[in-house]
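[1] Predicted model, plus sequence, below.
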Amino acid sequence: MINLSKTLKMLSFGTAVVGSLLIAGSFSEANAQRDPFVKPGYMKQKTQAR
């Protein structure tokens, strides 16, 4: 049978896992926010160095 102390341990561990996932997700960039009309890097003209 699950007692109160085990339930509290699981709840605190689950809260820590969810919090760390949210923090890790806030640091990653969303690639969907790029401008779809910009030329890709391989199609841009390169400037000549003198």
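    Done, it's in.

[2] Let me see the contact set for the residue positioned nearest the centre of the chain.
    With distances taken as Cα atoms, centre = their mean, the chain has Gly25 as the residue nearest its mean C-alpha position (2.8 Å). Counting by Cβ atoms under 8 Å, 6 or more residues apart in numbering, Gly25 touches no other residue. No exception for glycine: its C-beta is placed from N, CA and C like everyone else's.

[3] and it, what pLDDT?
    pLDDT recorded at Gly25 is 81.

[4] gap between the helix or strand where it lies and the chain center?
    Element membership for Gly25 (DSSP states H and E) is helix 4-27. From the chain centre to the centre of helix 4-27 is a distance of 17 Å (Cα atoms, centre = their mean, to the nearest Å).

[5] Quick check: buried residues in that helix?
    Buried residues in helix 4-27, defined by neighbour count with 16 or more other Cβ atoms under 10 Å: none.

[6] gap between the residue nearest to the centre of the chain and Asp35?
    23 Å (Cβ to Cβ, to the nearest Å).

[7] same check, this time on Leu4
    54 Å.

[8] for Ser20, same thing?
    32 Å.

[9] quick one: low-confidence ranges for this protein?
    By pLDDT under 70, the weakly predicted segments of the chain are 1, 29-32.

[10] go with 80
    1-2, 26-34, 49-50 (pLDDT under 80).

[11] and Ala49, helix, strand or coil?
    The three-state assignment at Ala49 reads coil, by DSSP: H, G, I helix; E, B strand; the rest coil.

[12] Neighbours of it, how many?
    4 (other Cβ atoms under 10 Å).

[13] before we move on, what about Gly41?
    Around Gly41 sit 6 other residues, with neighbours defined as other Cβ under 10 Å.

[14] Phi, psi for it please.
    Dihedral angles of Gly41 (phi, psi; degrees, to the nearest 10) stand at phi -60, psi -30.

[15] and it, how far is that from Arg34?
    12 Å.

[16] What of Lys46?
    Separation of Lys46 from Arg34 (Cβ to Cβ) stands at 21 Å.

[17] For these two, indicate the residue with more neighbours.
    Shown here are Lys46 and Arg34; by other Cβ under 10 Å, Arg34 has more neighbours (9 against 5).
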